[in-house]
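[1] Provided below for reference: sequence and predicted model.
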Amino acid sequence: MDILEIIQFAFVQKAFIAGSFVALLCSVLGLFLVLQRLSLIGDGLAHVSFGAIAMGLFFGLYPIYFAIPVVILASVFILKLVKKGRFSGDAAIGIVSSAGIAGGVILASLSNGFNVDLFSYLFGNILAISSAEMYFSIFLSVVVLAVIYLFYYDLFSITFNEDYAKTTGIKTERINSLLVVLTAITVVLAVKVVGVMLVSSLLILPAVTALQLKRSFKATIFISAVFAVFSVIIGIILSIILNIPAGASIVMCNFFVFILAFLLRNRS
């Protein structure tokens, strides 16, 4: 089966479109998270999304729609723990994520173990995405990207110097809350692409790859987005040709692009 034949299938086209939009979103948002040393929040919220998805399946609700508000609440709670509870960021993430994944395991056991639907969310199933899920992913990706565009200066300011941002009148607590809420939405969307176990890689790898090339911040965002979308498309094609999981294939493509960028930067 050649590439031209592969891309003619409707399910592959839907995977390309939805995966590209989510990858674009992850690459842009991931850059802000990496530079603020908040990249592990993606992993923590992915664990929470596992619990929320299990809860949705347990109560017979559509899991992605149910997970978004739950994960948003969890992201705000993490921020409150850091700001009000005087916890370090990694400790707050660990508290919430451990509760989320434990809750998911309990609900899975109550529903007679890990059923097929829950298992697919653990490792992603982008090739099985429906038209409704594709349009939903596009809509939320566009909304989140529009919010990032509108608050670009504020996000840029708190990323590089939060104290200075305060002196210029930026409401940093509100912007930090906005950032974690956008991250929560992005994580839930990314779960369908690469699964709970690999979400953080989709946020981190394109960003750190682009940072190897030392460009302006806007150029770095663009490069990160290009790498992310490229990895999704190639990863999906390779998963079909080699008959391997699409989510893992996408992440490995991101990883190999990172290795190439790293070697290019450090060549003698």
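    Okay, I see it. As the structure is a prediction and not an experimental result, all values here were calculated from the model. Numbers count the residues shown, from 1 in each chain.
[2] Counting by contacts, list what the least confident helix or strand in the chain by mean pLDDT packs against.
    Least confident helix or strand, the chain: helix 116-123 with a mean of 71, by mean pLDDT, DSSP states H and E. Packing contacts for helix 116-123, counted by 3 or more Cβ pairs under 8 Å, 6 or more residues apart in numbering; DSSP states H and E, involve helix 40-58, helix 172-194. C-beta here means a position set from N, CA and C on the backbone, and glycine is covered the same way.
[3] roughly how far is the shortest one from the heart of the chain?
    Using Cα atoms, centre = their mean, to the nearest Å, the mean C-alpha position of helix 40-58 is found 12 Å from that of the whole chain.
[4] mean confidence for it?
    Mean pLDDT, helix 40-58: 86.
[5] hey, where'd the helices end up in the stretch 1-150 of the chain?
    Under the criterion DSSP state H, counting those that start in this stretch, the stretch 1-150 of the chain contains helices at 3-6, 10-35, 40-58, 63-83, 89-110, 116-123, 131-150.
[6] Can you list the buried residues in the strand or helix carrying Ser239?
    For Ser239, the host element (DSSP states H and E) is helix 217-242. Neighbour-count burial for helix 217-242 flags 220-221, 223-240 (criterion: 16 or more other Cβ atoms under 10 Å).
[7] just to revisit the earlier point, give me the distance from the least confident helix or strand of the chain to the chain's centre.
    Relative to the centre of its chain, helix 116-123 is centred 17 Å away, using Cα atoms, centre = their mean.
[8] just for the chain, where's the confidence low?
    Confidence mapping of the chain against pLDDT under 70 gives the ranges 1-2, 85-88, 111-117, 268.
[9] go with 50
    Where the chain drops to pLDDT under 50, the residues are 268.
[10] and Val181, how far is that from Ala74?
    Applying Cβ to Cβ, to the nearest Å, the value for Val181 to Ala74 is 11 Å.
[11] So for those two, which residue has more residues nearby?
    More neighbours surround Ala74 than the other of Val181 and Ala74, with 26 against 18 (other Cβ atoms under 10 Å).
[12] was I right about the more buried one contacting Ala46?
    No. In this structure Ala74 lies outside contact range of Ala46 using Cβ atoms under 8 Å: 10.7 Å.
[13] How about Val48: what's its closest non-neighbour residue?
    Excluding its sequence neighbours, the residue lying closest to Val48 (Cβ to Cβ, 6 or more residues apart in numbering) is Gly100, at 3.4 Å.
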